[in-house]
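Visitor: how would this look folded up:
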Amino acid sequence: MIKKLGLSVLLFAVMGNLTWISNSRASFQGKLTVEIDGFRSTEGQACISIFANSQGFPSNSDRVLKKQCANIEDRSLTVTFDNLQTGSYAVAVIHDRNKDQILNRNNLGMPIEGFGFSRNPEVRTSPPAFRDAAFVLAGPNTLIQIQLKYL
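Guide: Now for the predicted structure:
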């Protein structure tokens, strides 16, 4: 009986600690810093979109978790997003030369503005899948680097 009671108390203590740990992770807020390199010019702006899942990635603006556009002053740019919860995200960037906040394309559907994605996946005939660009934000400060591509 005493062994069962001791085991029950131990299990209760462990479960309580696990609950506290999982609750503290759920409310964790981190900062994401995105370094973008390879702008061909300082014309226009860079628009950075964060997606929390595959729905709408990479171009559906209705499915964007957070978005920020910034003027380009050099061949590289650093943008920071605060208050992101722990989780898996993917980032899409466009060099929005005409400031219309969309990736413009030619008559064949090929992008005529620069673009890039987190984890820098290889892009051939279509944008990458969310899983190919996804990264985990798990600490107070996460840094990702994106190299722009131009076709």
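Visitor: so how many other residues sit close to the residue nearest to Asn106 when sequence neighbours are not counted?
Guide: Of all residues not flanking Asn106 in the chain, Ile112 sits nearest, at 5.3 Å (CB to CB, 6 or more residues apart in numbering). Where you see a C-beta, it was placed from the backbone N, CA and C, and this is true even at glycine. Ile112 sits with 12 neighbouring residues when counted by other CB atoms under 10 Å.
Visitor: how much space between Ile112 and Arg40?
Guide: Relative to Arg40, Ile112 is positioned 12 Å away (CB to CB, to the nearest Å).
Visitor: Same check on Lys66?
Guide: Lys66 is 26 Å from Arg40, by CB to CB.
Visitor: returning to what we had before: for the residue nearest to Asn106, list the residues it contacts.
Guide: Asn104, Arg105, Asn106, Leu151 (CB atoms under 8 Å, 6 or more residues apart in numbering).
Visitor: I'd like those residues laid out as CSV, including secondary structure, pLDDT and distance to Arg97.
Guide: Formatted as CSV, the contacts of Ile112 follow (DSSP: H, G, I helix; E, B strand; the rest coil; pLDDT from 0 to 100; distance: CB to CB, whole Å):
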residue, secondary structure, pLDDT, distance to Arg97
Asn104, coil, 97, 8
Arg105, strand, 97, 13
Asn106, coil, 97, 14
Leu151, coil, 93, 14
